[in-house]
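*Asks:* Quick one: sequence plus predicted model below, questions after.
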There are 2 protein chains.
Amino acid sequence: MARGARGMHSERVIQPSARARVRDELTREIKETARRQLAADGSAGLSLRAVARELGMVSSAMYRYFPSRDDLLTALIADAHDEVGSVVEAAEAAARRRSLLGRWLAVTGATRTWALAQPQQYALLFGSPVPGYQPTDATIGPAARIPLLMIKLVSDAVAAGRGPVADGRPIPRAVRADLKSLRASVAPELTEQQLAHTVLAWTELVGSINFELFGHLKAVTSDYQSYFDYQMQGVGQRLGLA
Amino acid sequence: MARGARGMHSERVIQPSARARVRDELTREIKETARRQLAADGSAGLSLRAVARELGMVSSAMYRYFPSRDDLLTALIADAHDEVGSVVEAAEAAARRRSLLGRWLAVTGATRTWALAQPQQYALLFGSPVPGYQPTDATIGPAARIPLLMIKLVSDAVAAGRGPVADGRPIPRAVRADLKSLRASVAPELTEQQLAHTVLAWTELVGSINFELFGHLKAVTSDYQSYFDYQMQGVGQRLGLA
DNA sequence: ACGCGGCAGGAGCACTGCTCTTCTTCCCTG
DNA sequence: CAGGGAAGAAGAGCAGTGCTCCTGCCGCGT
């Protein structure tokens, strides 16, 4: 706290104190190792002791960096949210600006690709929550990146005179109120109905990936890639992006 | 094997042999106790030793009934599939025959109600799969009950001159072939497109419940019930049930 | 220069899934 | 109807887990 204000000379205000730096480095290495174990054996196979072993330290020393195993998992969840968010945003940014449907398919495709490459991390984000885990503000932000991207896409569609068609169904009072306040902060250009439609599309994206990843489509198709693209194209069309 | 063929007299062919009966009874009690622990502490908190303790037996004796903890979980999964299937079928059967949308909302509502009442069992069915678990034929059948019910609903709609509207998009070759063979065995009255639309509706149902249960709708609404009904009504409408 | 605080190591507790070995009890068969 | 074999139950034990406490070491700021 209020420390750089006192010292004169060349004392730099931001000075990681050498000890803090090695601490950050070790924290990073722990997460790195944990991530590898997670990818290999799933969240149930993540063991503090095994991470410590691999890092050549004793298990009790871990608790100076993460107060519990669940806290380590929570940190991994936040990181994973950020990572998939970045990847998907990059994919969307690389798509032709003019093609709304192309951007939509870039978003859905990149999300699925990341999920297939990191199934355990994906399951951590969108599967059953880990028992002790409670989403904190640190994870709520990163978790919203993809939905926000979708909202922006739909907003662009509306601006271009397209977007989800109104089906005339009334939204229940309480839900309408909730959506109105959400709209005020993240989607000023959308109606409540369009926002609800966008959230449903987000549900369809995650639901489809879950179904594939968790084996619920075994009886439906064997060409998951084509199936997914087909369904997502339909969803994008109903969103008024085509 | 070939046992009833020899004995004469009044030896009944089906004769549970008293020992087999107590075995079945104990198996039932184990699953019952395990189900309670599962509901209380989640799948991670299910412990063979704790179940044995509660039943007044020693842990090693459990292995005579279930070769491993994962096998116990698998049995619970199969049971849960059957239970939710029965509940949902009953709810659908109780709805007015004439109202297709009413029957659809009965299916979706009953599924959600069961999920909220048994969140841990639901998570076992539709959340991240347990590490060692591999779906067997014993679980594939029960797991298909709700989708089959939805297929029947859509078939009834088609028979009544409604059903999902064709959007004219071509289905990828491989997917079309898969859907064609699936159609042949479970949905002869539907086109491939209509079948794909039904599977997407199933995805939307499960996806919406997952989002609510796993906390992904916290920023969207607080009135989950109304939100769910609103969205499912829209899905039912797009299925051509309204 | 010194003392405090962050840090690593080790021992230990209570728990887990699972195996093996021993002993009892029931059931089928000769 | 008697005996042998199988099913069952119990106990000890192994390797592993999360987590806590205590003991020192060592770098950092005063």
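*Replies:* Nice, thanks for sending it over.
*Asks:* ok, longest helix in chain A?
*Replies:* Using DSSP state H, we find that the single longest helix of chain A is helix A:69-94.
*Asks:* Output the contacting helices and strands for it.
*Replies:* helix A:19-41, helix A:48-54, helix A:100-117, helix A:119-126, helix A:137-143, helix A:145-159 (3 or more Cβ pairs under 8 Å, 6 or more residues apart in numbering or on different chains; DSSP states H and E). For glycine as for every other residue, the C-beta is placed from the backbone atoms N, C-alpha and C.
*Asks:* three-state assignment of residue A:66?
*Replies:* At residue A:66 the chain is in coil, as set by DSSP: H, G, I helix; E, B strand; the rest coil.
*Asks:* give the contact list for it.
*Replies:* If you count contacts by Cβ atoms under 8 Å, 6 or more residues apart in numbering or on different chains, residue A:66 has them with A:30, A:48, A:72, A:75.
*Asks:* Would you mark the buried spots in the lowest-mean-pLDDT helix or strand in chain A?
*Replies:* Every helix and strand in chain A was compared by mean pLDDT, DSSP states H and E; the lowest is helix A:137-143, with a mean of 81. Neighbour-count burial for helix A:137-143, with 16 or more other Cβ atoms under 10 Å in any protein chain shown as criterion, is recorded at A:139, A:142, A:143.
*Asks:* for stretch A:157-168, same thing?
*Replies:* A:157, A:158, A:163, A:164.
*Asks:* Reformat these as CSV; add distance to residue A:240.
*Replies:* As requested, the buried residues of stretch A:157-168 are exported to CSV (distance: Cβ to Cβ, whole Å):
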residue, distance to residue A:240
A:157, 5
A:158, 8
A:163, 4
A:164, 5
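*Asks:* Give me the below-cutoff pLDDT ranges for chain A.
*Replies:* A:1-16, A:132 (pLDDT under 70).
*Asks:* ok, the most centrally placed residue in it - contacts?
*Replies:* With distances taken as Cα atoms, centre = their mean, the residue of chain A nearest its centroid is residue A:81 (3.4 Å). Each residue near residue A:81 by Cβ under 8 Å, 6+ apart is listed here: A:125, A:139, A:142, A:143, A:145.
*Asks:* excluding its backbone neighbours, what's nearest it?
*Replies:* residue A:142 (3.6 Å; Cβ to Cβ, 6 or more residues apart in numbering or on different chains).
*Asks:* for that neighbour, what are its contacts?
*Replies:* Residue A:142 neighbours (Cβ under 8 Å, 6+ apart): A:78, A:81, A:82, A:85.
*Asks:* Could you rerun that using 10 Å?
*Replies:* A:77, A:78, A:79, A:80, A:81, A:82, A:83, A:84, A:85, A:86, A:125 (Cβ atoms under 10 Å, 6 or more residues apart in numbering or on different chains).
*Asks:* And the residue of chain A closest to DNA strand C?
*Replies:* residue A:60 (2.9 Å; Cβ to the nearest atom of the strand).
*Asks:* Mind checking what secondary structure that residue has?
*Replies:* Residue A:60 is classified as helix under three-state DSSP.
*Asks:* Tally up the residues packed near it, please.
*Replies:* Residues near residue A:60, counting by other Cβ atoms under 10 Å in any protein chain shown, number 10.
*Asks:* what comes up buried for the longest helix of chain A?
*Replies:* By 16+ other Cβ under 10 Å, the buried positions in helix A:69-94 come out as A:69, A:72-85, A:87-89, A:91-92.
*Asks:* Just want the angle from that helix to helix A:100-117.
*Replies:* Angle, helix A:69-94 to helix A:100-117, by axes from the mean of the first three to the mean of the last three Cα atoms, to 10 degrees: 150 degrees.
*Asks:* Report the contact partners of the residue in chain A positioned nearest to chain B.
*Replies:* Nearest residue of chain A to chain B: residue A:207, at 2.5 Å (Cβ to the nearest Cβ). By Cβ under 10 Å, 6+ apart, residue A:207 lies in contact with A:126, A:200, A:216, A:231, B:126, B:200, B:202-211.
*Asks:* ok now the helix or strand hosting residue A:208, how far from the chain's centre?
*Replies:* Element membership of residue A:208 [criterion: DSSP states H and E] is helix A:192-213. Mean C-alpha position of helix A:192-213 versus that of the full chain (Cα atoms, centre = their mean, to the nearest Å) differs by 14 Å.
*Asks:* Now do it against helix A:145-159, angle only.
*Replies:* 130 degrees.
*Asks:* Report the angle between whichever helix or strand comes after helix A:192-213 and helix B:192-213.
*Replies:* Where DSSP H and E defines the elements, the next helix or strand beyond helix A:192-213 is helix A:224-238. Put simply, helix A:224-238 runs at 80 degrees to helix B:192-213, going by the same axes, to 10 degrees.
*Asks:* Could you name the helices and strands sitting against helix A:224-238?
*Replies:* Other elements packing on helix A:224-238 under the criterion 3 or more Cβ pairs under 10 Å, 6 or more residues apart in numbering or on different chains; DSSP states H and E are helix A:100-117, helix A:145-159, helix A:192-213, helix B:173-186, helix B:192-213.
*Asks:* Tabulate those in TSV, adding columns for distance to DNA strand C.
*Replies:* Formatted as TSV, the helices and strands packed on helix A:224-238 follow (distance: least, Cβ to the nearest atom of the strand, whole Å):
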stretch	distance to DNA strand C
helix A:100-117	28
helix A:145-159	31
helix A:192-213	24
helix B:173-186	35
helix B:192-213	24
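*Asks:* So which bits of chain A are right by DNA strand D?
*Replies:* A:17-19, A:46-50, A:59-60, A:63, A:67-70 (Cβ under 7 Å from any atom of the strand).
*Asks:* Could you pick out the buried ones from those residues?
*Replies:* In the residues of chain A next to DNA strand D, the ones that pass as buried (16+ other Cβ under 10 Å) are A:46, A:48, A:69.
*Asks:* Next, give phi and psi for residue A:135.
*Replies:* Dihedral angles of residue A:135 (phi, psi; degrees, to the nearest 10) stand at phi -60, psi 130.
*Asks:* Kindly provide the distance from it to residue A:129.
*Replies:* As for residue A:135, its distance to residue A:129 is 8 Å (criterion: Cβ to Cβ, to the nearest Å).
*Asks:* Between those two, tell me which one has more neighbours.
*Replies:* Neighbour tally, residue A:135 and residue A:129, criterion other Cβ under 10 Å: the higher count belongs to residue A:129, 20 against 17.
*Asks:* Next up, the contacts around the residue nearest to the more buried one when sequence neighbours are not counted.
*Replies:* Nearest residue to residue A:129, sequence neighbours excluded (Cβ to Cβ, 6+ apart): residue B:214, at 5.5 Å. Taking Cβ under 10 Å, 6+ apart, we find residue B:214 in contact with A:125, A:126, A:127, A:128, A:129, A:135, A:206, B:119, B:123, B:126, B:127, B:128.
*Asks:* Pull the number of nearby residues for the last one.
*Replies:* Residue neighbour count, defined by other Cβ under 10 Å, stands at 25 for residue B:128.
*Asks:* Does it lie in a helix or a strand, and which?
*Replies:* When the helices and strands are read off by DSSP H and E, none of them contains residue B:128.
*Asks:* was I right about it contacting residue A:121?
*Replies:* No: Residue B:128 is beyond contact range of residue A:121, at 11.2 Å (criterion: Cβ atoms under 10 Å).
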